[in-house]
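> Need the 3D shape of this:
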Amino acid sequence: MSEHRRERGVTILIVAIAMIAMLAMLALGIDVVSLYVAEGDAQRAADAAALAGAKVFVGSGFTSGQLGDPTSGTAQDLVCNGSTGFADLEAQTVANRNPIGGVTATTVTTSCTWATNNPQITVTVQRTGLPSFFARIWGARIISVTRSAKAEAYNPSGQSVPIQVHSVKPWLIPNCDPEPAHTAPGNPNCTPAAAYLFDPATNYGIANLINGSVAYTFTRVAFPGNKPPSNNPAAGQYYAANIPISPPTPYCPSTNAVSCNKVGGGGSQANYLDNIACSGTFQFTSGQQIGPGQSITVDTPPGLAQATREGTECLIHADNFGPSLGQDIFNPVTGAPVTITGGYNNPNPALRNATSISRSDSVVTVPVYDGAIPSLNLCPSTTCNQTAQVVGFLQLGIQSVDNSGNLNAVILNAAGVNPANSGNPVSGGGVSPIPVRLIQ
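Residues are numbered from 1 along each chain as shown. Take a look at the predicted model:
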């Protein structure tokens, strides 16, 4: 009996020791889970920041040469210098909007590499001082996590990666630089002697730096009054395109929206008007054929001028034709990204009259075509019987439209697509003809 008396309370002791071990394991589990959660937060912050920085390559016009030659140190430092470049600042801002373990990152570092045609940004985020429990037993009072991500603005020229663009509009721009200073003297027409937008010799890479500080007027080719001359349309002219509007069904604004009462109203130019005002879902491809017997043909009057005006007024939320009538305003500045001021008709009340907004319904994408060299004239007679193919896209900021259907627009981006690569789809749903993607 005395031996058994000595064993009294042993069970409680064993339970107490076991509880200490269990609590230690629980504390260790909490530390591990907290660390995994923080690592996930850090990776998401780095991914978001890298994508945001890469998007600045596109949004600033750097990829189109609007900040200067993209291979020059001046343009590269302006967009990314590790601290105060446009891409650096945007990446830092986005990283700080994504907390790690409930607190913003301790440090955010950025660096860029200038891979051929594909500028890349690497973002590294670090969070120190993460709370710990069990780790303190071994003196590890400071726990930190560090994660990195790399993203790039992907040049689609000659490549097979899909280009996702939003709202491809029915305006066929010839492969000719609209900048008068780039056009060959004494040759106002789009011929090989004039400057290309996209150079066939380099798989339709950008032939000339795009002037993003100028608003161009794109003049509609009319019939028969100012039909293009027998050789080619003039630089800055466009053809109205007949593009299928459905199926699939486009995304259209309400007819109660500003200047949108003609949307879906039928008529001889109903498809053309709706393709301007709505977000069409027709899928373009690299080398898409234009002309008789194809899905895309040249549209002809009557009614094109009125349909262009009414569709564009709805698209940009303008009260009428002309500038400063409720639509968003583009502010091009030489050597700097284009900024946008919200118009008083912007459908988002928070963006009305706001400065430096990041999106606008006035930003659209239009196809650029190349024809049978040397002609870019799709309508050499009263019949539009010539064929051509899509060789690239321009992203435009529409400033206004006039009563004749002429467009005043800023060129925001340019993306050439090798037409020999017929497997490169272009579909709705994105924001730019230049894709942005994570690569690491």
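> buried sites along stretch 320-330?
With burial defined by 16 or more other C-beta atoms under 10 Å, the residues of stretch 320-330 counted as buried are Phe321, Leu325, Gly326, Gln327, Asp328, Ile329, Phe330. All C-beta spots, glycine's among them, are computed from the backbone N, C-alpha and C.
> what do you get for stretch 390-404?
Quick answer for stretch 390-404 (16+ other C-beta under 10 Å): 390-402.
> try stretch 39-47
Those would be Glu39, Asp41, Ala42, Gln43, Arg44, Ala45, Ala46, Asp47, for stretch 39-47 by 16+ other C-beta under 10 Å.
> Okay, and the first one sits in which element?
In this assignment (DSSP states H and E), Glu39 forms part of helix 10-59.
> Following element in sequence after that helix, please.
helix 73-79.
> In terms of secondary structure, what does that next one contact?
Under the contact definition 3 or more C-beta pairs under 8 Å, 6 or more residues apart in numbering; DSSP states H and E, helix 73-79 sits against helix 86-96, strand 107-115.
> residues making contact with it?
56-57, 60, 62, 65, 67-70, 85-87, 112, 114, 119, 335 (C-beta atoms under 8 Å, 6 or more residues apart in numbering).
> Flag every buried residue along that helix.
Buried, per 16+ other C-beta under 10 Å, within helix 73-79: Ala75, Gln76, Leu78, Val79.
> next one: stretch 117-134
So, applying 16+ other C-beta under 10 Å, buried residues of stretch 117-134: 117-127, 130, 132, 134.
> repeat for stretch 197-204
Residues Leu197, Phe198, Asp199, Pro200, Asn203, Tyr204 are the ones in stretch 197-204 that count as buried (16+ other C-beta under 10 Å).
> One more: stretch 61-76?
Those would be Gly61, Phe62, Thr63, Ser64, Gly65, Gln66, Leu67, Gly68, Pro70, Ala75, Gln76, for stretch 61-76 by 16+ other C-beta under 10 Å.
> Would you confirm that the third one contacts Pro119?
Yes: Thr63 is in contact with Pro119 according to C-beta atoms under 8 Å; the separation is 6.9 Å.
> Now the common contact residues for these two.
What both Thr63 and Pro119 touch, as defined by C-beta under 8 Å, 6+ apart, is the set Phe57, Pro70, Ala153.
> Can you tell me how far Ile439 is from Tyr238?
Separation of Ile439 from Tyr238 (C-beta to C-beta, to the nearest Å): 35 Å.
> whoops, Ser144 was the one
In terms of C-beta to C-beta, Ser144 sits 56 Å off from Tyr238.
> what's the domain layout of this structure?
Structurally, the chain divides into domains by automatic domain parsing as follows: 2-153, 163-438.
> Just say which of these is most tucked in.
The highest mean neighbour count among the domains of the chain, using mean count of other C-beta atoms under 10 Å, belongs to domain 163-438: a mean of 19.
> For the stretch 151-300 of the chain, which segments count as helices?
270-277 (DSSP state H, counting those that start in this stretch).
> before we move on, back to that, which two from the buried residues of stretch 61-76 end up farthest apart in space?
The two members of the buried residues of stretch 61-76 with the most space between them (C-beta to C-beta) are Ser64 and Gln76, at 14.4 Å.
> For stretch 375-388, give the mean pLDDT please.
For stretch 375-388, mean pLDDT is 82.
> For it, list the C-alpha coordinates in PDB.
Extracted in PDB, the C-alpha atoms of stretch 375-388 (Å, rounded to 0.1, in the frame of the first residue of the first chain):
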ATOM      1  CA  SER A 375      -1.600  49.800-102.700                       C
ATOM      2  CA  LEU A 376      -3.500  50.500 -99.500                       C
ATOM      3  CA  ASN A 377      -6.600  51.700-101.400                       C
ATOM      4  CA  LEU A 378      -9.500  49.400-100.700                       C
ATOM      5  CA  CYS A 379     -11.800  51.200-103.100                       C
ATOM      6  CA  PRO A 380      -9.900  52.200-106.200                       C
ATOM      7  CA  SER A 381     -13.200  52.800-108.000                       C
ATOM      8  CA  THR A 382     -16.800  53.100-107.000                       C
ATOM      9  CA  THR A 383     -16.600  49.500-105.800                       C
ATOM     10  CA  CYS A 384     -14.600  48.500-102.700                       C
ATOM     11  CA  ASN A 385     -13.200  45.300-104.300                       C
ATOM     12  CA  GLN A 386      -9.700  45.100-102.900                       C
ATOM     13  CA  THR A 387      -8.400  42.800-100.100                       C
ATOM     14  CA  ALA A 388      -6.100  43.600 -97.200                       C
END
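> Distance across stretch 270-284, terminal residue to terminal residue?
End-to-end distance for stretch 270-284: 20 Å, by C-alpha to C-alpha, to the nearest Å.
> picking that back up, the helix holding Glu39 to helix 86-96, inter-axis angle?
Here helix 10-59 runs at 150 degrees with respect to helix 86-96, directions being taken by axes from the mean of the first three to the mean of the last three C-alpha atoms, to 10 degrees.
> Which neighbouring elements make contact with helix 10-59?
helix 86-96, strand 107-115, strand 118-130, strand 143-153, strand 436-438.
> want to throw the ones you listed into JSON lines with mean pLDDT and distance to Pro301?
What follows is the helices and strands packed on helix 10-59, written out as JSON lines (pLDDT from 0 to 100; distance: least, C-beta to C-beta, whole Å):
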{"stretch": "helix 86-96", "mean pLDDT": "94", "distance to Pro301": "44"}
{"stretch": "strand 107-115", "mean pLDDT": "92", "distance to Pro301": "47"}
{"stretch": "strand 118-130", "mean pLDDT": "90", "distance to Pro301": "43"}
{"stretch": "strand 143-153", "mean pLDDT": "90", "distance to Pro301": "40"}
{"stretch": "strand 436-438", "mean pLDDT": "85", "distance to Pro301": "40"}
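> List the neighbours of stretch 40-48 that are in contact with it.
94-95, 97-101, 105, 123-127, 145-149, 151, 438.
> Give me the distance between that stretch and the centre of its chain.
Distance, stretch centre to chain centre, for stretch 40-48: 22 Å (C-alpha atoms, centre = their mean, to the nearest Å).
> and what of stretch 207-214?
17 Å.
> Touching that stretch from outside, list them.
Against stretch 207-214 from outside (C-beta under 8 Å, 6+ apart): 61, 64-66, 68-69, 177, 179, 182, 195-199, 332-335, 337-338, 410-414.
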